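Provided below for reference: sequence and predicted model.
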Amino acid sequence: MPKPARPRVLLTYSRSLMALTAAQSLADHDIDVVGCDSVDMTVLQFSKHSKGHRLIADHREDPEAFIEDLLEAVEHFRPKGAVPYVLMPMFEETSVIAEHAARFEGKIILAIPDWASITQVEPKDRLPAAAEAAGVAFPKTLAPKTREAVEAATRELAFPVITKPARGVGGRGIAKHDDAKALLAHIDEKPPKTENDWPLLQEAVPGRDFCFCALCEDGEVRAHMTYRSVHGFPPRSGAGVLRETVESAPFLKAAAPLLKHLKWNGVCEIDYRWTGEDDAPAQLIEVNPRYWAGLFQSVASGVDFPWLLYRQAVGDPVTEPPRVTIGRKSKVPLLALLSASQKIAEQEEYFQNLSGSWDALRGRDEERGERGRAAGALGGFVTSLFDVRALGAYAKAFRESREDHDEAATDFIPLDDPGAMLGVLFVLSSLIRRGELPPELKFDG
């Protein structure tokens, strides 16, 4: 008797630890997970939780090709039988999919915020108007489009002032300036080429950074948690990223009217700064219409956002907020990971052998319509994968990821899914060779 069809979720940005966290969560609830990404050999492809993978165009380089490829992936991975089939974006591609949501109608269930809501917070120069309409605290922010307008803005703003791009994710391009002279020098060092390149100017506010994470339905918050982050960079600090779950009350009070005004559906992450004083409101900094780098921290603290979002998408919404474990701490051993990836990235011969073996294995898969069952191709890939020098770097990173140097637990790759570490290292190594790092490893939001 054939096995009954299982629900299926298609995850994008499958190179990320966020996708791995989501896959683990969904697989624990008997849901099949498949992945898509514009890079090959991703974290999910090595994970035991993945049932398949599709290479698609990069949404940043060619949004139309990205949507077309994603639509083809939707058809390719369609499950047999009348079971739920959900597309769950993991990162900044969420907005592109939301903009083209109508093209997926009738083909797959989209677990994303509405485009009408997203456009009120993206680009970031639209957020001040939304915050004012919702009546929430927001630092004074201006969006000048000329050098003269920047000069005029310096006379309106109280320093220090933050410059940040209106478009982009994470903390890329953010700088702090103590006076007008420093700000103007920063602008003149790399003059914006187009109108969209001009940065926002925002008054710096006192306090610490907090990440408020939420799942909403028609503007009502159904589940939430908050964590704060401490980043262990530069390398001489010798520490990774430390996160701690804290009480959400001050941030929920600030977020609820904004999310209601936005009529938000799905997940989001909101950056706040707060002094910790009861009479001082948490200051809204940024709204991210997607999952966040600290997703594992959220799940480990008792709020399983991927599972809750899946339930909401298929018509089984959350009725009571999950209980959050306050004080839960974790760290990602970022330095050990980058060090191991750097060692691998420097090995040209290893990359050539591994890439060639992977191409042979993938070609055989596509030809036979299977997942790597040909012994010859699979054996060649495994041999290339476990090159002694690369294996040494992998083992070192895996060992260091499990070392507990303080009271914080180390959360990274589960012990029962060690193959996923290989995917992490290969993806990081490939990016290092191209001179970049994934934004979710550099910043939480």
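Done, it's in.

For the closest residue to residue 164 other than its chain neighbours, give me the backbone phi and psi.
In this structure, residue 164 finds its nearest non-sequential neighbour in residue 174, 4.4 Å apart by CB to CB, 6 or more residues apart in numbering. Placement of C-beta: from N, CA and C, glycine included. Main-chain torsions, residue 174, degrees, to the nearest 10: phi -90, psi 140.

name the helices or strands packed onto the helix or strand harbouring residue 269?
In this assignment (DSSP states H and E), residue 269 forms part of strand 266-274. On a contact count with 3 or more CB pairs under 8 Å, 6 or more residues apart in numbering; DSSP states H and E, strand 266-274 meets strand 208-217, helix 249-262, strand 283-288, helix 305-313.

So what are the sheet partners of that strand and their directions?
Within its sheet, strand 266-274 is paired with strand 208-217 (antiparallel), strand 283-288 (antiparallel), according to DSSP bridges.

Now render the ones you listed as a markdown table, adding mean pLDDT and distance to residue 15.
Output for the strands paired with strand 266-274, formatted as a markdown table (pLDDT from 0 to 100; distance: least, CB to CB, whole Å):
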| stretch | mean pLDDT | distance to residue 15 |
| --- | --- | --- |
| strand 208-217 | 96 | 21 |
| strand 283-288 | 95 | 18 |
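
Go through the helices and strands packed on strand 266-274 and name the closest to residue 182.
With CB to CB as the criterion, residue 182 lies closest to strand 283-288 of the helices and strands packed on strand 266-274, at 20.8 Å.

rewinding a little: what residues are up against the residue nearest to residue 164?
Residue 174 makes contacts with 162-165, as judged by CB atoms under 8 Å, 6 or more residues apart in numbering.

sec struct for residue 45, please.
helix (DSSP: H, G, I helix; E, B strand; the rest coil).

Which residue ranges make up the domains of the chain?
Per the record, the chain has its domains at 8-113, 140-203, 208-332, 335-442, by automatic domain parsing.

residue contacts, the residue nearest to residue 118 when sequence neighbours are not counted?
Leaving aside its sequence neighbours, residue 118 sits nearest to residue 289 (CB to CB, 6+ apart; 4.7 Å). By CB under 8 Å, 6+ apart, the residues touching residue 289 are 94-95, 98, 113, 117-118, 121-122, 266, 268.

What separation do you get for residue 289 and residue 114?
10 Å (CB to CB, to the nearest Å).

any residues in contact with both of those two?
residue 98.

Where does pLDDT dip in the stretch 301-445 of the chain?
Residue ranges of the stretch 301-445 of the chain with pLDDT under 70: 332-416, 418-445.

Could you tell me the end-to-end distance of stretch 273-292?
Length of stretch 273-292, first residue to last, CA to CA, to the nearest Å: 17 Å.
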